[in-house]
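Student: Provided below are the primary sequence and the corresponding predicted coordinates.
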Amino acid sequence: MALPAAPTDADRRRWARYLVEERAEAHAYEQLARRRDGEEREILEQLARTERRHEAHWLTLLGGEPGRLPRAGLRSRLLGWMAGRFGMIFVLALAQSAEARSPYDGENDATAAMRADEKVHYEFVRGLAARGRRRLSGSFRAAVFGMNDGLVSNLALMLAIGATGVAPHFVLFSGIAGLLAGALSMGAGEFVSVRSQRELLAATEDNDTAAQTAGDLDIDENELALVYRARSIGEDEALRRARRLVSAAEAGVARRAPPRAESESHGHEVVGNDWMAALSSVLLFSAGAIIPVLPWLFGLSGTTAIITAVVLVGIALLSTGAIVGILSGGPPLRRALRQLAIGVSATAITYVLGVVFGVGAL
């Protein structure tokens with residue numbers, strides 16, 4: 001691209017901002033690539049090289065490295081800092097959100113290739129993030145559910161008990177009992193749930209039993225096609241597969257079942273590991289349930305303890321909601337406020353019930 005005849009100070013400032021952003025993003029992808037291997041590493045390294053090409057474009061327009069550069073935006077700096085310290089899925093979720101908004105759509109000084117690169121980057125990052133979400137989804141679901149259940153259920157229990165007017169030590173004991181009972185119940189429930197789902201998936205998986213015995217079949221190949229039709233494959237495609245399988249078997253070619261669809265191959269991965277899901281539930285429920293206990297544990301009582309517990313749980317709900325929003329690619333603030341609204345509504349109802357059915361006078 002030809003240099004502008006007389007770039008203004010505003011032009012140079014804008015180019016400098018693009019330069020530092022491209023440099024920060026390239027650094028983040030390089031950091032991530034060093035922590036991965038195989039195909040994922042190759043993709044991340046290619047992303048970093050592309051960002052470096054964009055960086056070179058702005059350096060050319062600026063006529064070399066400027067004496068002073070602005071700081072990269074908060075999101076880019078946070079991305080680079082996290083890339084060397086946190087798991088890939090969390091960083092890629094942030095990167096996906098950043099790549100979704102290309103800064104070059106209305107930028108005349110960016111090349112068409114650069115605008116196209118930014119669009120493709122989003123798909124690259126989204127694909128890598130999707131892999132991580134599949135690996136994480138089973139345990140992550142259990143962890144989020146456990147944390148929020150611990151926060152809300154134990155706070156609700158303690159507010160309901162506290163509203164009845166009983167002694168503070170009884171409220172504290174109720175909170176500890178709720179923590180232990182809830183954590184064990186959550187762990188056992190998650191283990192049974194995930195194990196059952198994995199067993200159900202295993203029972204419905206395709207296998208190559210028919211392929212292994214195809215050479216011995218003394219039946220018309222149309223009947224073998226019924227095996228494929230039972231797997232929800234269309235009649236014509238089922239017939240073609242059956243013919244190929246029988247022909248290969250008769251020719252003595254090594255027989256192998258056709259590869260499963262991507263959705264099937266990821267089935268167990270999405271469900272998660274039963275022991276990991278159970279452990280995540282126990283630990284995260286306990287981490288959530290201990291928060292409303294803290295005010296009474298440190299000697300507070302009455303209204304002071306209740307207000308403190310509500311504030312602490314509210315902060316925790318906002319934090320977990322924001323994290324869920326980031327990892328799912330959704331708006332963090334909206335998810336945080338949703339978590340808070342649900343939690344506050346549940347605890348408010350139980351507190352009112354505690355007041356209505358209070359036993360302080362009994």
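Tutor: Nice, thanks for sending it over. Residues are numbered from 1 along each chain as shown.
Student: Test my guess that Leu172 contacts Leu297.
Tutor: Yes - when contacts are counted by CB atoms under 8 Å, Leu172 is listed as touching Leu297 (6.4 Å). (Glycine included, C-beta is placed from N, CA and C.)
Student: Show me which of those two is the more surrounded one.
Tutor: Neighbours per residue, other CB atoms under 10 Å: of Leu172 and Leu297, the larger number sits with Leu172, 21 against 13.
Student: which residues does that one contact?
Tutor: Residues counted as contacts of Leu172 (CB atoms under 8 Å, 6 or more residues apart in numbering) are Val293, Trp296, Leu297.
Student: With Ala24 instead?
Tutor: For Ala24, the set of contacting residues under the criterion of CB under 8 Å, 6+ apart consists of Ala72, Gly73, Ser76, Arg77, Leu79, Gly80.
Student: looking at the residues you listed, which has the most residues close by?
Tutor: Leu79 (24 neighbours).
Student: didn't it look like it was pressed against Ala26?
Tutor: No - because the distance of 11.0 Å does not satisfy CB under 8 Å, Leu79 is recorded as not touching Ala26.
Student: hang on, the earlier thing: just put the contacts of Leu172 in CSV and tack on secondary structure.
Tutor: Conversion of the contacts of Leu172 to CSV gives the following (DSSP: H, G, I helix; E, B strand; the rest coil):
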residue, secondary structure
Val293, coil
Trp296, helix
Leu297, helix
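Student: which of these lies closest to Ile306?
Tutor: Out of the contacts of Leu172, the one with the shortest distance to Ile306 is Trp296. That distance is 9.6 Å, counting by CB to CB.
Student: And the pLDDT for Leu312?
Tutor: Among the per-residue scores, Leu312 shows a pLDDT of 93.
Student: ditto for Arg135
Tutor: The per-residue pLDDT reported for Arg135 equals 62.
Student: Repeat that for the one 5 residues further on.
Tutor: As summarised for this prediction, Phe140 has a pLDDT of 62.
Student: one step back: any chance of JSON lines for the contacts of Leu172, columns pLDDT?
Tutor: JSON lines is the format used below for those (pLDDT from 0 to 100):
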{"residue": "Val293", "pLDDT": "94"}
{"residue": "Trp296", "pLDDT": "91"}
{"residue": "Leu297", "pLDDT": "89"}
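Student: between those residues, which is closest to Glu123?
Tutor: Among those, Val293 lies closest to Glu123 (CB to CB), at 46.0 Å.
Student: ok, the nearest residue to that closest one once chain neighbours are set aside - contacts?
Tutor: Excluding its sequence neighbours, the residue lying closest to Val293 (CB to CB, 6 or more residues apart in numbering) is Gly175, at 4.0 Å. Counting by CB under 8 Å, 6+ apart, Gly175 touches Asn154, Leu157, Met158, Ala289, Pro292, Val293, Trp296.
Student: ok, the fifth one touching Asn154?
Tutor: Okay, so that is Pro292. Yes - in this structure, Pro292 is within contact of Asn154 by CB under 8 Å, at 5.2 Å.
Student: Spatially nearest residue to Val20, not counting backbone neighbours?
Tutor: Sequence neighbours aside, Ala72 is the residue nearest to Val20 in space, at 4.5 Å (criterion: CB to CB, 6+ apart).
Student: By neighbour count, which of the contacts of Gly175 wins?
Tutor: Among the contacts of Gly175, where neighbours are counted by other CB under 10 Å, the top count belongs to Pro292, at 33 neighbours.
Student: Now do that one, the pLDDT please.
Tutor: At Pro292, the predicted lDDT confidence score is 92.
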